[in-house]
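Chemist: Here is a sequence together with a model predicted from it:
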Amino acid sequence: MNFLRKYWQDLGMLVALAVCIYLIVSGSGIPKITVMLWLSFVAILVHQFEEYRWPGFFGGLFNALIFKSGQPDRYPLNPQSAMVINLVIAYVFYLLPLLYPNVIWLGLAPMLMGFFQLIWHGIFANLKGRTFYNPGLFAVVFLHIPVGGWYVHHIVTQGLATATDWIAGTVYFVIAVYILIIKGNMWMKDPNTRYRFSSQQLGPYKPKGM
């Protein structure tokens, strides 16, 4: 478990690389909508690597900037809760649509989460920190948004999405954000946890003396 807790984001990049090789080797043998779903999965893995490995200081930003925590190395987000939440998001929420690529609402929800990330990383966090960049924004701009835009364009122009798909996809997205991100962080917060972010993961939000 300690190995996974320390390297889960790095393993994710290896998975992303393997997926990209698979897509290149398979070429046109994969249905277009399945390719989009695979690329969306790659996007979240890159996103997580950017947040927690390089530059990797999302933990510090989340705790110190957003929650004004006096213990930014462990509260409310800590390495254990970050790992659990992100693994479920990537390997359940983003991977599940690949089992049912023709269930449009199931694939639409992760795309909507990608669009939501632009609001969070591109606007909210940057305004809060008075910055132009924060960990995760690169993946949002260069992966989530293009892939999500391609997916939406495809399902609209091909007439694949019904009103029910849009409603169900939006509801599923909102529920996933609430349970996995909002409630997930609250359920696993612990000011006395032994799991702490490193100096690198705190970045510019590292308290003086640490």
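Modeler: Yep, that arrived. Numbering: from 1, shown residues only.

Chemist: Pull out the buried residues from the lengthiest helix in the chain.
Modeler: Longest helix in the chain by number of residues (criterion: DSSP state H): helix 2-26. Using 16 or more other C-beta atoms under 10 Å as the test for burial, helix 2-26 gives Trp8, Gln9, Gly12, Met13, Ala16, Val19, Leu23. Glycine gets a C-beta too; all of them are placed from N, C-alpha and C.

Chemist: Val19 contacts Val35, correct?
Modeler: No - when contacts are counted by C-beta atoms under 8 Å, Val19 is not listed as touching Val35 (10.3 Å).

Chemist: Which neighbours do those two have in common?
Modeler: Shared contacts of Val19 and Val35, defined by C-beta atoms under 8 Å, 6 or more residues apart in numbering, are not found at any residue.

Chemist: residue contacts, the residue nearest to the spatial centre of the chain?
Modeler: Among the residues of the chain, Ile44 comes closest to the average C-alpha position under C-alpha atoms, centre = their mean, at 4.5 Å. Ile44 is in contact with Ile89, Ala90, Tyr94, Pro110, Gly114, Ala139, His144, counting by C-beta under 8 Å, 6+ apart.

Chemist: In space, what's closest to the fourth one - neighbours in sequence excluded?
Modeler: Spatial nearest neighbour of Pro110, excluding adjacent residues (C-beta to C-beta, 6 or more residues apart in numbering): Tyr94 at 5.0 Å.

Chemist: roughly how far apart are the one you found and Ile21?
Modeler: Distance, Tyr94 to Ile21, by C-beta to C-beta, to the nearest Å: 19 Å.

Chemist: before we move on, what about Leu143?
Modeler: Per C-beta to C-beta, Leu143 is found 17 Å from Ile21.

Chemist: Also Leu95?
Modeler: Leu95 sits 17 Å away from Ile21 when distances are taken as C-beta to C-beta.

Chemist: Confirm for me that Leu61 is in contact with Gly203.
Modeler: Yes - shown here, Leu61 and Gly203 form a contact pair, counting by C-beta under 8 Å, at 7.2 Å.

Chemist: who's more crowded, those two?
Modeler: For Leu61 versus Gly203, neighbours defined as other C-beta atoms under 10 Å are more numerous around Leu61 (25 against 19).

Chemist: Ramachandran coordinates for the more buried one?
Modeler: Main-chain torsions, Leu61, degrees, to the nearest 10: phi -60, psi -50.

Chemist: for Ile30, same thing?
Modeler: Torsion angles, degrees, to the nearest 10, at Ile30: phi -100, psi 130.

Chemist: Report the contact partners of it.
Modeler: Ile30 touches Leu23, Trp38, counting by C-beta under 8 Å, 6+ apart.

Chemist: same check, this time on Ala125
Modeler: For Ala125, the contacting residues are Leu61, Leu65, Ile66, Thr131, Asn134, by C-beta under 8 Å, 6+ apart.
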